[in-house]
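Visitor: kindly return the folded structure for what I paste below:
(2 chains)
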2 protein chains.
Amino acid sequence: MSDIISYIEEHGQDFEQELFELLRIPSISTSSDHKDDIQEAADFLVERLEELDLDKVEKIQTDGHPVVYAEYMPHPDRPTVLVYGHYDVQPPDPLEEWETPPFEPTIRDGRIFARGSADDKGQVYTHLKSLQAFRETGTEFPVNIKFVLEGEEEIGSPHLAPFLKEHKEKLETDMVLVSDTAMFAEDTPSITYGLRGLVYMEFELVGPNRDLHSGVFGGAVDNPANVLCEMIAQLRDDDGQIQIPGFYDKVRDITPEEREAYRKLPFDEEEYKKELDIKALNGEEGYTTLERSSARPSLDVNGLWSGYQGEGAKTVLPAKAGAKVSMRLVPDQDPNEIADLFRKHVENLAPDTVSIEVTEHHGGFPAMTDPDFYGLKAAAEAYEDVYGKEPLFKREGGSIPIIAEFKKILDAESILMGFSLESSKIHSPNENFLQKDFHRAIKTSAKFFEVLHKYKE
Amino acid sequence: MSDIISYIEEHGQDFEQELFELLRIPSISTSSDHKDDIQEAADFLVERLEELDLDKVEKIQTDGHPVVYAEYMPHPDRPTVLVYGHYDVQPPDPLEEWETPPFEPTIRDGRIFARGSADDKGQVYTHLKSLQAFRETGTEFPVNIKFVLEGEEEIGSPHLAPFLKEHKEKLETDMVLVSDTAMFAEDTPSITYGLRGLVYMEFELVGPNRDLHSGVFGGAVDNPANVLCEMIAQLRDDDGQIQIPGFYDKVRDITPEEREAYRKLPFDEEEYKKELDIKALNGEEGYTTLERSSARPSLDVNGLWSGYQGEGAKTVLPAKAGAKVSMRLVPDQDPNEIADLFRKHVENLAPDTVSIEVTEHHGGFPAMTDPDFYGLKAAAEAYEDVYGKEPLFKREGGSIPIIAEFKKILDAESILMGFSLESSKIHSPNENFLQKDFHRAIKTSAKFFEVLHKYKE
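Guide: Numbers count the residues shown, from 1 in each chain, chains lettered A, B, ... in the order given. Reported below is the predicted structural model:
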């Protein structure tokens, strides 16, 4: 392994220069003006993969942008890792806020500045380079590897689930390795093993057929805005428990081990409140703040509207009132089931003084890697070896719907081995990737591939 | 009295022509372009009053438009009636919707079409003409009369309460006669003896210092939009009782006599629901729809806002949420006290996860004429004599704040003797006054003045 580490250290400069070539391609998926750039970025990756003498390298067309696929399967009896990442990037706007142009990679203060440096070109490229280190040092690659690099992540991966279904057998794998998340803090490696799912609903109440004078009708005609509030108030109780019948039926409890791990996370509640400028926190009784925001489901009003919202006073009894309400889900809640439960519940809550219309927006399944999955143990050893400290294990409150799709379609656990930071400013001007993390990520990747098969029972 | 009635019938055409002169003056108080027109309308009334040989006729300046004042006090031992009305009008917009120009009075289908025909020039002018009928027939005017005709009613009477206070002794009266409301239906004379008051509040909750990602923070950070709904839901209970401590302390109960009168009103609940397109009504337990909308206080959300209100979904945990809430009050609730109770209550309800800011908008006292007041009995006899049927006695749910000021400042009961109809379209294009009601109103006024002193104990 020391050969490999030496190789990575010696060729660090070359790796950066190669990455810069990729970063110079404005492969913005949200704009149809950049179709050629998308192709160019895909072709660049195909060429770099072809240089690695793999079994197979393909650019596979979809109904959208192509997927770059590769595989190298030297060990039929050892685990297979599918590396998932994306070569498309967010638009760079607002351009004037960039200190150096987004598609001219520049190193400043030990950081690589460029759109895509952290999200996700810079991160995903590290796995190609670790593979190269094995090859160039004449070290046998110890496991099997597949690559699925897509060009539509920033537009919601519309063609990825169909792609996974269509190529299910070809993509067969023991795990999915994703480097597209952030570390808890600088020099604090973290493995995300849980993500929440999402259900996003909207409902509108209609009372009388027009806005009424609140003097003439107030007290006799039920007010849809009052009713809306009364309905929303019934969605959670004083202990922060969501009151939709059946909502918690499939919620997997946090294990004692997880709670122990949560307690060890470097989290300062006073600092958290101060940063948000709030005097007190509130959530589900019996759980900590970090548990509430990542391992327990939540229900939030995202928008409210009714009647007169302007300056001053208008004595109107509004005809309509509406709300957008989203729920974050945890394993094993099913967004389709929860959407149905929500719909039925609010339809039941609505009194006969109003009519109700319920709309469902997008959703996604929650995802969780089995904490005992051997791949996580290998990832932990790799991090510890490179960073000199044990990684934190964490669940995140947000949603990456495609992770659940990997589990559902390929029956594969995911390992979220992220190397960016909050200061990497993904999706914002001056996106950057800490130079030393780019190099440490390559080493961590190599170490992971080296030790993985030892953990397989 | 038959002389007087004959005189009114013989001179009906002249009265209409005089009214037309007044209606031709575009005395729009909301626009400063019409200052001269306001003066011209005031001068017109001064001249007509001067022709009646009264004791005193004055145009009294205020900080706004002038008040036309007149008095005729022939009987120190008999009641005094102060006729209140206004000579200013609403703007006529949208002009293109008028079938004939708003300031060119026209008779069509037995209706006088013009801005101000019903609100209030046409109605208030009837009292000048009944007074004239007494004078021209050589009939002794049986009571004392004062006129207060203002030019700022359509802009909220900003200088009327100060005027009443400043001229309190001069304005001393036993009652205020106001013809500026509508009848329950055509040929259905009605006396309004109660009006609700108003308190209009607004409050806003602020949670975190910025909109948050609902995935990252949802469940841990309290959501101001959810909190807002939970607070509003606590403002009334399942029986429609308002839950602000002390709110009902000064509410005067509906008397058995009033309830009996309410039951006699020609009201069809099925028709009411059908017209509003609602399946069910809801309000305070134990009261009928008409009682709820006029004799009981109410609480209505007039506006609600928070977070994302656009198309589709945005997963935001909003930093702020706000509401406008108004309450209609009944005697003897005090809007200032209720505003304080509301403020204290919502401040108490707000949890420490949010900060709250409460704003008070305008308000007004409720008003009620003592149902046993002899002036009402005289009005009833007058209506019955002219319309051939007993008038209905009703309370209205809306607010005319100046009525409470007459009571507070002059300690005078008000008699709301209105002659317009819902079809009179006040404040709208094609405002009109039923021609026959203009003439019946003059007769009713004369009859009222004739019989009034007989009812005084």
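
Visitor: contacts for the host helix or strand of residue A:18?
Guide: For residue A:18, the element it lies in under DSSP states H and E is helix A:12-23. The contact list for helix A:12-23 (Cβ atoms under 8 Å, 6 or more residues apart in numbering or on different chains) reads A:8, A:41, A:44-45, A:48, A:87, A:103, A:105, A:107, A:112, A:114-117, A:121-122, A:125, A:129, A:435, A:438-439, A:442. Glycine gets a C-beta too; all of them are placed from N, C-alpha and C.

Visitor: quick one, which of those are buried?
Guide: Neighbour counting with 16 or more other Cβ atoms under 10 Å in any protein chain shown marks A:8, A:41, A:44-45, A:48, A:87, A:103, A:105, A:112, A:114-117, A:121-122, A:125, A:129, A:435, A:438-439, A:442 as buried within these.

Visitor: does residue A:396 have any beta-bridge partners, and if so which?
Guide: In this entry, residue A:396 is beta-bridged to residue A:195, by DSSP bridges.

Visitor: the domain parsing of chain A - what is it?
Guide: Following automatic domain parsing, one finds the domains of chain A at A:2-195+A:366-455, A:197-251+A:297-364.

Visitor: circling back: the helix holding residue A:18: which residues count as buried?
Guide: Under the neighbour-count criterion of 16+ other Cβ under 10 Å, helix A:12-23 has A:12, A:15-16, A:18-20, A:22-23 buried.

Visitor: just give me the closest of the residues you listed to chain B.
Guide: Nearest to chain B among the buried residues of helix A:12-23 is residue A:23, at 26.4 Å by Cβ to the nearest Cβ.

Visitor: OK, contacts around residue A:24?
Guide: Going by Cβ under 8 Å, 6+ apart, residue A:24 touches A:103-105.

Visitor: please tell me how far residue A:333 sits from residue B:314.
Guide: 22 Å (Cβ to Cβ, to the nearest Å).

Visitor: quick one, which of the two is more surrounded?
Guide: Using other Cβ atoms under 10 Å in any protein chain shown as the criterion, residue A:333 and residue B:314 rank with residue A:333 on top: 23 against 18.

Visitor: helix, strand, or coil at residue A:453?
Guide: The three-state assignment at residue A:453 reads helix, by DSSP: H, G, I helix; E, B strand; the rest coil.

Visitor: wait, doesn't it sit right on residue A:74?
Guide: No: between residue A:453 and residue A:74 there is no contact under Cβ atoms under 8 Å: 11.4 Å.

Visitor: compare these two (neighbour count), which wins?
Guide: It is residue A:453, of residue A:453 and residue A:74, that has more neighbours when counted by other Cβ under 10 Å, with 16 against 13.

Visitor: in strands, which of the buried ones among the contacts of helix A:12-23 fall?
Guide: Counted as lying in strands by DSSP state E, out of the buried ones among the contacts of helix A:12-23, are residue A:112.

Visitor: quick one: which of the buried ones among the contacts of helix A:12-23 sit in helices?
Guide: Members of the buried ones among the contacts of helix A:12-23 lying in helices (criterion: DSSP state H): A:8, A:41, A:44-45, A:48, A:121-122, A:125, A:129, A:435, A:438-439, A:442.

Visitor: these: which two are farthest apart?
Guide: Spanning the widest gap among these are A:8 and A:41, at 23.6 Å by Cβ to Cβ.

Visitor: helix or strand right after the helix or strand of chain A with the lowest mean pLDDT?
Guide: Least confident element among the helices and strands of chain A, by mean pLDDT, DSSP states H and E: strand A:212-213 (a mean of 86). If you walk from strand A:212-213 toward the C-terminus, the next helix or strand you reach (DSSP H and E) is helix A:214-217.

Visitor: near chain B, anything from that following helix?
Guide: Yes: using Cβ under 8 Å from any Cβ of the partner chain, helix A:214-217 comes into contact with chain B via A:214-217.

Visitor: what's that helix in contact with?
Guide: Helix A:214-217 is contacted from outside by A:208, A:315-317, B:196, B:198, B:276, B:293, B:298, B:300, B:302, B:326, B:328, B:396-399, using Cβ under 8 Å, 6+ apart.

Visitor: so which of those belong to helices?
Guide: Counting by DSSP H, these place residue B:276 in helices.

Visitor: mind checking which of the contacts of helix A:214-217 are in strands?
Guide: Using DSSP E, the subset of the contacts of helix A:214-217 located in strands is A:316-317, B:198, B:298, B:300, B:302, B:326, B:328, B:396.

Visitor: against residue A:110, how distant is residue A:382?
Guide: 22 Å.

Visitor: what do you get for residue A:408?
Guide: Where residue A:110 is concerned, residue A:408 sits at a distance of 40 Å (Cβ to Cβ).

Visitor: from residue B:292, how far off is the residue of chain A positioned farthest from its centre?
Guide: For chain A, the largest distance from the centre (Cα atoms, centre = their mean) belongs to residue A:216, which lies 52.1 Å off. Distance, residue A:216 to residue B:292, using Cβ to Cβ: 12 Å.
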